[in-house]
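Q: Below are the sequence and a predicted model for it; my questions follow.
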Amino acid sequence: MGIAEGKRALIVGVANDKSLAWAIAQELKAQGAEIALTYQGEILEKRVRPLAEQIGAKIVGELDVTSDAQIESTFSNLKGLWGGLDMMVHAIAFADREDLRDRFLNVNRTNFARAMEISAYSLVAMARAAEPLMEARGGGSIVTLTYLGAVRAIPNYNVMGVAKAALEACVRYLALDLGPKNIRVNALSAAPARTLASSAIRDYHTMAHEVEERSPLRRAMKPEEAGKMATALLSDMAGGVTGQTVYVDMGYSIVGA
Ligand code: NAP
């Protein structure tokens, strides 16, 4: 029996088959969960629907996290579908491409606010919407995805690092608020992986190469390793773990110069 048997999971952030959210979806499915996905913009027919079909997932709506109305309708669709929710994966981030190169110092007010809204505040809004559905199931577990740039100044990661620092702080405060309802909240800090989002970062290859060269395990992360750890954190295997940032980075973050 899989560790997610009988569980119902919402996964937000599948853009294509390279998305870390897709690796998580596949592992959750393999471990027995029923999956619901959302989509953004026009990628539904081309990319998300064929993937959803592969794992028998339901599509519960269009969700641009800057829209409170779309957050409300997604969770109302979920309530209609399942009546409750056990697991939620938040795997979304956005920063303007021009801010993922050169100097952090140059980010403007609008772009700073937008990166924070989409990459950090959205977790708060989604956790608030998920709370009654998880309560209806006696508790739940939420996982978001973050990166080492939250705690180290990594060239070109810039405003996204600031947003990830906020995201990791949100995880701790949400864990405090939701713990009494038996809802756990954790972040998985992944090593660089080639995806649509990471392709916007200038010199992404240098970040990735560093992990292969200098991490204790001397290799890149396999996306399925993020999928497995996220699934473990979401499941009862991690029943005593909340408010944490767990690194799936081949040990890179422990290494000094
Ligand atoms: P990805 O496949 O491009 O996924 C990013 C997702 O964010 C996409 O599905 C994108 O949807 C969604 N998104 C952006 N703006 C949104 C909005 N306003 N509303 C709803 N969804 C929105 O890239 P990924 O690398 O797997 O990223 C997933 C998460 O992992 C992100 O939080 C990222 O920071 C984190 N992470 C990635 C790496 C890495 O190296 N790849 C490492 C550590 C952490 P659209 O494509 O439709 O806009």
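A: Noted; the coordinates are in hand. Numbering: from 1, shown residues only.
Q: buried sites along stretch 229-236?
A: 229, 230, 231, 232, 233, 234, 235 (16 or more other C-beta atoms under 10 Å). Every C-beta, even on glycine, is put in place using the N, C-alpha and C of the backbone.
Q: and it, what's its mean pLDDT?
A: The pLDDT scores in stretch 229-236 average 98.
Q: so which strand or helix has residue 116?
A: Residue 116 belongs to helix 109-116 when assigned by DSSP states H and E.
Q: so what does that helix touch, helix or strand wise?
A: helix 158-178 (3 or more C-beta pairs under 8 Å, 6 or more residues apart in numbering; DSSP states H and E).
Q: could you check the angle helix 109-116 makes with the helix it packs on?
A: Interaxial angle, helix 158-178 versus helix 109-116 (axes from the mean of the first three to the mean of the last three C-alpha atoms, to 10 degrees): 50 degrees.
Q: And the contacts of helix 158-178?
A: Applying C-beta atoms under 8 Å, 6 or more residues apart in numbering, the external contacts of helix 158-178 come out as 93, 95, 99-101, 103-104, 107, 111-112, 115-116, 119-121, 123-124, 127, 131, 134, 142, 144, 146-147, 149-154, 184-187, 201, 242-245.
Q: So which of the residues you listed sit within strands?
A: When DSSP state E is applied, those are split such that 142, 144, 146, 184, 185, 186, 187, 245 fall in strands.
Q: neighbours around the spatially closest residue to the last one that is not a sequence neighbour, how many?
A: So the one you mean is residue 245. In this structure, residue 245 finds its nearest non-sequential neighbour in residue 187, 4.4 Å apart by C-beta to C-beta, 6 or more residues apart in numbering. Using other C-beta atoms under 10 Å, residue 187 is surrounded by 27 other residues.
Q: Over to residue 160?
A: For residue 160, using other C-beta under 10 Å, the count is 27.
Q: ok, it to the ligand distance?
A: 7 Å (C-beta to the nearest ligand atom, to the nearest Å).
Q: so what pLDDT did that residue get?
A: 98.
Q: now do residue 44
A: Reported pLDDT at residue 44 in the predicted model: 75.
Q: That one - that's part of a helix, no?
A: Yes: the assignment for residue 44 by DSSP: H, G, I helix; E, B strand; the rest coil puts it in a helix.
Q: Now do the contacts for it.
A: Contact analysis of residue 44 by C-beta under 8 Å, 6+ apart lists 59, 62.
Q: For the one residue sitting closest to the centre of the chain, give its distance to residue 77.
A: Geometric centre of the chain, nearest residue: residue 91, 2.4 Å, by C-alpha atoms, centre = their mean. Remark: distance between residue 91 and residue 77 (C-beta to C-beta, to the nearest Å) = 19 Å.
Q: what residues does this protein put near the ligand?
A: Contacts of the chain with the ligand, taken as C-beta under 6 Å from any ligand atom, map to 13-15, 19-21, 40-41, 43, 63-66, 91-94, 118, 145-147, 190, 192-193, 195-198.
Q: redo that, cut-off 5 Å
A: By C-beta under 5 Å from any ligand atom, the part of the chain that sits against the ligand consists of 13, 15, 19-20, 40, 64-65, 91-94, 118, 145, 147, 190, 192-193, 195-198.
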